[in-house]
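# sharing a model that was predicted from the sequence below.
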Amino acid sequence: MKTPLGLSQTTTILLLSVVMVVLFILGVALVIIDPIPDPVPRVTLHAEDRGDEILLNHLSGDQLAKQTTIIRINGQPVSDGNLELINGIWPFNAGETLKIFSPAGDMERVIEVYHTGRKGDHFLIDKIVIPAPKKEPEFVDLPIEPLVTLTPTEKPTIIPVYVSELNPNQPPVADFTADKRIGDPPFTVHFKDLSWGYIDNYQWNFGDGTTSMLQNPSHTYFIPGSYTISLLVTNGYGSNRKTLENFITIGSPPNTEFLVEPMEGKAPLQIQCTDLSTGNPKEWAWSFGDGQSATSQNPTHIYQDPGTYTISLTATNSYGSSNLIKQDHINVSAQTLHDIYIVNSRGGSITKNGYIKFRITGKGPNTIKIGGSIRTLERGDIIQLILENSSEGRISMTSSEILAFNFDDVSLFTNDEQVTRGTINDLKISGYDSFSSTLALVIPQNDSIQTLIIDDASRTFVKNPQITFQNIGPDSWGRMNYQKSALSMNYQGGSEEYIIT
C-alpha cells in the first residue's frame, strides 16, 4: 500500500524511526554538552585605597557567601586572616564594607573577586585596579635667576622647594595599619603610619598602658587579651586621632573539630576518635552519649548497645575553651543471632584467620598460657585471639567467663598490639564484655551430622549441603562450646548468619 507521498508503508515507518533516533541522540547531546549553568552573583563593588588596607564596598547586587567567594590580589588568594567584614558577619551584603589587609608596595594592585561554582569552577565577578601609590614628595632644586646688578654673583643661589599637593596650613589626618594582628604571647607587632598632612608629633597608645612617639613603632604584647590602638598626630594647626577597638588580639581559645571512625556498625561497636582542633588545646573532654566520657586526646570507645548516639568534644587551652556537638553522629545496630546446636559432625571445623575479640572486665585472675609462658592480663585490656590455622581445638565460654580457647597456632594481641604467637594450652578470663568474632564454622557437603538444630528447629536434608555459620559466638543464653577432635565436631553457640549452599 502506498502513502500519499508515494512511499510504501514500510519505508515510511523506517524513515520515522530514523528521525526519532536522531532526535533522541540530539537530546542526550544537549543534556551533556549544555548543562544547567551555575548561578553567578551579580554585584557592584568599589575599592578605596587606604595604603596597606583596601576597603571593598558592596554597593548593590547579590550577597556573597564566604565559602564560595575567593579574593585575589595580583593573582594571589587573600587568606581569611587578612579579611575583616566591618560591622557585620558573612555573607557580604549590599551596603557593607570588607577590609582587606594588603601591603601597598610600589606596584599597582589588581583585585579580582571570584565565585566558586558547584563543580569547583571559578567565575570572575568583578575586577578592580588600584594604581601604584604616588611617590613621596621630592625636593626639587629650582634655580633663582640673579638680579642684574653692577656686581653679579658668580653662581646662582639654590633654594629647595617642597613639591606637594597638601595644604600645609591645616591639621593632619591620622591613619595606620599593622603587619599582623593575631598571635600568641610574646607577640611583636610592627605598626605603620599612614597619616596625611604635615606632622610634627606622633603619639601612639598600644592599649596596654604603653605609648610611643615614633612614626612607625614596634611593640611586644605579653598578656593575652584584645587591645585598642590609637594614634594622635599633631602639627601647628591642630591634631587628629584615629582609634581602632580590639585591633590586636593576643591568644585565643581553640577551634574544636574532630573525626570519628566508623560512624555505624553492629553492637558492640568500637570507634576511634581523632582530635582535629586548632589553637593548640591542652585538655580534652569527650562525651560519647551513652553516659561514658574520656579526657585523652584521641580515645577509643565501645558502644555496647544498639542506638543512635550524640558525641561532643570540649577542647581547652590557656585562653579558654570551645565545644563541638555532633548530633546523632553514631548509629549502632543490633546483632542478628541464631542459636546453633550441632552433634557429631564428621568434617565440620572452624576455618583459619578468624578471631575473637573482647575487653576484660573481671578483677582476676586473668591468665593465658601461650607458647609455654603464662601471661597475666589486666582489667580493661582489649584482647584479640587470631586463629592462624584451622585445627583441632576447644572453646568454652559462659555469659560471664571465658574458660578455654585452646589451639595450636594463635596470635595474641593486647590493646591492638601483637604480643606473641604460639600454642594456647590454658586460658582463664574472669569477666568480659564487648565480644566480637569473625570465626566461621563450616560443615562440608555430604557431612553426616547426628543432630543439627537452628533456632530450636531440627534440620534434616535429603542431600546434605555445605553450611557456613559466620561470626560464631555465645548464643542467647551466653553459652559457647566448641570441641573438635579427629573423630567429630560438636558445637553449641550462636551465629550472626548462616549460609546453605
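Now that the structure is in, tell me what you want to look at.
# list the buried residues for stretch 213-231?
Counting neighbours by 16 or more other CB atoms under 10 Å, one finds that the buried residues in stretch 213-231 are Gln215, Pro217, His219, Tyr221, Tyr227, Ile229, Ser230, Leu231. Placement of C-beta: from N, CA and C, glycine included.
# what's the offset of that stretch from the middle of its chain?
Put simply, stretch 213-231 sits 35 Å off its chain's centre (CA atoms, centre = their mean, to the nearest Å).
# mean confidence score for that stretch?
Looking at stretch 213-231 alone, the average pLDDT works out to 94.
# residues making contact with that stretch?
With contacts defined as CB atoms under 8 Å, 6 or more residues apart in numbering, stretch 213-231 is touched by 174-176, 178, 185-193, 195, 199, 201-208, 210, 212, 241-251, 318-319.
# ends of that stretch, what's the gap?
10 Å (CA to CA, to the nearest Å).
# in strands, which of the buried residues of stretch 213-231 fall?
Secondary structure assignment (DSSP state E) places His219, Tyr221, Tyr227, Ile229, Ser230, Leu231 from those within strands.
# so which of those residues comes closest to Lys282?
Tyr221 (20.8 Å; CB to CB).
# is that closest one in a bridge, and if so with what?
Bridge pairing for Tyr221 (DSSP bridges) gives the partners Phe187.
# re earlier: got the ones in strands among the buried residues of stretch 213-231 as JSON lines, with distance to Gly348 columns?
JSON lines is the format used below for those (distance: CB to CB, whole Å):
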{"residue": "His219", "distance to Gly348": "81"}
{"residue": "Tyr221", "distance to Gly348": "75"}
{"residue": "Tyr227", "distance to Gly348": "77"}
{"residue": "Ile229", "distance to Gly348": "81"}
{"residue": "Ser230", "distance to Gly348": "86"}
{"residue": "Leu231", "distance to Gly348": "88"}
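# among those, which pair sits farthest apart?
Taking CB to CB, no two of these sit farther apart than Tyr221 and Leu231, at 16.9 Å.
# beyond the worst-scoring helix or strand of the chain on mean pLDDT, next helix or strand please.
Sorted by mean pLDDT, DSSP states H and E, the helices and strands of the chain end with strand 158-162, the least confident at a mean of 43. Later in the chain than strand 158-162, the nearest helix or strand by DSSP states H and E is strand 176-178.
# partners of that next one, with directions?
Each strand pairing with strand 176-178, determined using DSSP bridges, is listed with its direction: strand 187-193 (antiparallel).
# contacts for the strand it pairs with, please.
When contacts are defined by CB under 8 Å, 6+ apart, strand 187-193 is touched by residues 51-52, 175-181, 202, 204, 215-221, 229, 231, 233, 248, 250.
# try 10 Å this time
The list of residues contacting strand 187-193 from outside it, by CB atoms under 10 Å, 6 or more residues apart in numbering, reads 51-52, 103-104, 174-183, 199, 202, 204, 206, 212, 214-224, 227, 229, 231, 233, 247-251.
# burial measure for the nearest residue to Thr97 once chain neighbours are set aside, as a count.
Nearest residue to Thr97 in three dimensions, chain neighbours excluded: Ile86, at 4.7 Å (CB to CB, 6 or more residues apart in numbering). By other CB atoms under 10 Å, the residues close to Ile86 number 10.
# surely Ile86 meets Leu55?
Yes: assessed by CB atoms under 10 Å, Ile86 is found in contact with Leu55 at 8.0 Å.
# okay, and the common contacts of the two?
Thr97, Leu98, Lys99.
# out of the residues you listed, which is most surrounded?
Neighbour tally across these (other CB under 10 Å): the maximum, 23 neighbours, falls on Leu98.
# for it, what are its contacts?
If you count contacts by CB under 10 Å, 6+ apart, Leu98 has them with 45, 47, 54-58, 64, 69, 71, 78, 83-86, 88, 90, 92, 113.
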